[in-house]
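Model the following, please.
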Amino acid sequence: MAEYKEVAITGTRWTRTNKIVISIDALGAAAVRFYEEQITTLSDGTTTNRPTETLPSDIDAGLVASLIAKYRQVAEDRDNRPPPVEVVTPE
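Numbers count the residues shown, from 1 in each chain. Presented below is the predicted three-dimensional model:
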């Protein structure tokens with residue numbers, strides 16, 4: 001027996017990483033974790049996602065060095081921005 005307003009639909013499902021976390025401890029040892037999720041898109045346009053698995057891995061030291069260099073550049077750009085101008089309007 002069919003459920004009330006039951007409809008057969010089709011769709012597509014795939015797995016992707018939606019977050020990559022690189023951890024560097026105080027001694028400089030680095031590790032990476034890939035967080036996966038499963039995406040489902042149905043023929044009616046509905047899309048859902050649900051977390052599935054976390055995959056830990058080692059990370060190449062050269063990549064870590066490049067990311068740290070990028071961090072330093074971004075932090076320096078932030079530190080060299082002029083402070084925001086405070087606008088005071090008379091009452």
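
and the gap between the residue sitting nearest the centre point of the chain and residue 45?
With distances taken as Cα atoms, centre = their mean, residue 19 lies nearest the centre of the chain, 3.3 Å away. Going from residue 19 to residue 45 by Cβ to Cβ, to the nearest Å gives 25 Å. C-betas here are computed from N, CA, C, even on glycine.

thinking again about what came up before, relative to residue 86, how far out is the residue nearest to the centre of the chain?
In terms of Cβ to Cβ, residue 19 sits 37 Å off from residue 86.

before we move on, back to that, beta-bridge partners for the residue nearest to the centre of the chain, please?
residue 35 (DSSP bridges).

Is it correct that it is in contact with residue 49?
No: with contact defined as Cβ atoms under 8 Å, residue 19 does not count as touching residue 49 (11.8 Å).

Residue 6: how many residues sit nearby?
By other Cβ atoms under 10 Å, 7 other residues sit near residue 6.

let me fix that: residue 11
14.

quick one, what contacts it?
40, 41, 42, 43 (Cβ atoms under 8 Å, 6 or more residues apart in numbering).

Those in strands, which ones?
Secondary structure from DSSP state E places 40, 41, 42 of these in strands.

Would you mind listing where this protein has pLDDT under the threshold?
Applying pLDDT under 70 to the chain flags residues 1-2.

wait, which of the ones in strands among the contacts of residue 11 is closest to residue 81?
Minimum distance to residue 81 across the ones in strands among the contacts of residue 11 is 40.7 Å, recorded for residue 41 (Cβ to Cβ).

The closest residue in space to residue 13 that isn't next to it in sequence: neighbour count?
Nearest in space to residue 13, with sequence neighbours left out and distances taken as Cβ to Cβ, 6 or more residues apart in numbering, is residue 40 at 4.6 Å. Residue 40 has 13 neighbouring residues, counting by other Cβ under 10 Å.
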